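[1] what's the 3D shape of this:
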Amino acid sequence: MSSPIPPVAPGTVPVTVVGIGADGWAGLADASRDALRTAEVVIGGDRQLALLPHDVCRAERVAWPSPLRPAVPRLLDEHAGRTVAVLASGDPMFYGIGRALAETVGPERLHVLPHPSSVSYACARLGWPQEDTTTVTLVGRPLASLAAALHDGRRLLVLAAGARTPGEVAELLRERGFGPSCLDVLEQLGSERENRLSGTADTWQHPPGDPLNVIAVTCVRASGALRLGAVPGLPDAAYDHDGQLTKRHVRAATLAALAPAPGELLWDVGGGSGSIGIEWMRTHPSCRAITVERSAGRADRIAHNAEALGVPALRVVTGAAPGGLAGLPAPDAVFIGGGLTAPGLLDACWDALRPGGRLVANTVTLESEAVLADRHRRYGGELVRLSVAHAVPVGGFTGWRQAMPVTQWSVTKPGEVPR
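    Purely as a prediction, here's the structure:
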């Protein structure tokens, strides 16, 4: 039985989005077949269009150009007023074209007919509960983004960008200390040509196979590899740095005060080694950060650390603040790790901060501490001193070595949080 098409504004024609699997026409439900039979125009990738039989689907066929995303509004405008069906791989709303279409024409103009996703097929073949499996897509995204999902014992499904992706994933796992991890490459899921290749990252020697594949990874951390947890406060050894690094325990307290939430944007002003911005982004895949660093050498180091720790999307701005802040999108939170005595810096950050946003500043100098004390009197918030001591050998005994105390000011900007 066909699904009813949702109502749309008078004079508009809904766009039907049809999910299709590797099994092609044979695997489509009746509603999906009806939509393709009656469409005047079918838009899709070359591989997807080739799955439609010409004798029953006589619509004009239009292949997506590359890059795809900018072409979406133009192609829909060209065929306005006609009955349009768009082909998508599997579930259109799961890392598919459905998102771009919804953002372009509005969800009320979409009629989505999903097909089982490659993730659904993979979990069915492997016997993995989908709710306990982490999915990472490498389609149009950097390989390095996989690194943030690597935790001992976790199961990952990696959506491949092509035939070479399994080998690239195996290499990344070896480099990140997860060489013993088990890999299963599932090709052409759902079709008669379904195939499975297995091995470990350390021993992976399979040549590139079918470009339509999903990589199942059972993460196993190598003996002696650095353990990276899921919460802020990574080991200092995880970072390449020249001494300009917010140390582990202070970093954890700083991230707690910044309180990252999904989708929020952080300004990390005076990035140093990038640790605050990096660990902000590792808290959730949708968290974003911009690091502003005046030293070109440190800016390069920040980019290197971000890639190594799985957040290559961290944006690095090379320049001195406050000038380097001009034109940046308004932040939900700001961290200032240096340069507090620079004229206008603190005021520029405060003015740019969204209502309801958080500002956190750390310092170890008396001069900057005086600046924070003044702002605390004016704006309120919380002023604390963080002291950390480490046990070290003292002759044949053990004593405490005190690190420089850190003064931290944290404050929430008044006003209604925009929705």
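[2] pLDDT score for the residue most central in space within the chain?
    With distances taken as Cα atoms, centre = their mean, the residue of the chain nearest its centroid is P285 (3.8 Å). What the model reports for P285 is a pLDDT of 95.
[3] give me the element it is part of.
    Assigned by DSSP states H and E, P285 falls within no helix or strand.
[4] ok, the closest residue to it other than its chain neighbours - contacts?
    Once flanking residues are discounted, P285 sits nearest to A148: 7.7 Å by Cβ to Cβ, 6 or more residues apart in numbering. Every residue, glycine included, has its C-beta placed from N, CA and C. By Cβ atoms under 8 Å, 6 or more residues apart in numbering, the contact set of A148 is M281, R282, P285, L309, G310, V311.
[5] so which of those comes closest to G27?
    Ranked by distance to G27 (Cβ to Cβ), the contacts of A148 are led by P285 at 30.3 Å.
[6] okay, and N305 sits in which element?
    helix 296-308.
[7] pLDDT weak spots in this structure?
    Flagging of the chain using pLDDT under 70 yields the residue ranges 1-12, 416-419.
[8] helices of that one, residue ranges please.
    30-38, 46-49, 71-78, 97-105, 118-126, 165-175, 248-258, 275-282, 296-308, 345-352, 366-379 (DSSP state H).
[9] can you put those in JSON lines and add distance to D132 and mean neighbour count?
    Shown next, in JSON lines, are these (distance: least, Cβ to Cβ, whole Å; neighbours: other Cβ atoms under 10 Å):
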{"stretch": "helix 30-38", "distance to D132": "30", "mean neighbour count": "17"}
{"stretch": "helix 46-49", "distance to D132": "30", "mean neighbour count": "16"}
{"stretch": "helix 71-78", "distance to D132": "34", "mean neighbour count": "14"}
{"stretch": "helix 97-105", "distance to D132": "24", "mean neighbour count": "18"}
{"stretch": "helix 118-126", "distance to D132": "9", "mean neighbour count": "19"}
{"stretch": "helix 165-175", "distance to D132": "20", "mean neighbour count": "20"}
{"stretch": "helix 248-258", "distance to D132": "26", "mean neighbour count": "20"}
{"stretch": "helix 275-282", "distance to D132": "20", "mean neighbour count": "28"}
{"stretch": "helix 296-308", "distance to D132": "27", "mean neighbour count": "18"}
{"stretch": "helix 345-352", "distance to D132": "40", "mean neighbour count": "18"}
{"stretch": "helix 366-379", "distance to D132": "44", "mean neighbour count": "14"}
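[10] got these as TSV, with distance to F335 columns?
    Output for those, formatted as TSV (distance: least, Cβ to Cβ, whole Å):
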stretch	distance to F335
helix 30-38	49
helix 46-49	45
helix 71-78	36
helix 97-105	30
helix 118-126	35
helix 165-175	29
helix 248-258	6
helix 275-282	5
helix 296-308	13
helix 345-352	9
helix 366-379	13
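[11] tell me which of those helices lies nearest to G190.
    Per Cβ to Cβ, nearest to G190 of the helices of the chain: helix 118-126, 5.4 Å.
[12] packing partners of that closest one?
    Here helix 118-126 touches strand 155-159, strand 182-187, strand 213-218, going by 3 or more Cβ pairs under 8 Å, 6 or more residues apart in numbering; DSSP states H and E.
[13] can you check which of these gets nearest to A361?
    Of all those, strand 155-159 comes closest under Cβ to Cβ, at 37.2 Å.
[14] pairing partners for that closest one, with directions?
    strand 134-137 (parallel), strand 213-218 (antiparallel) (DSSP bridges).
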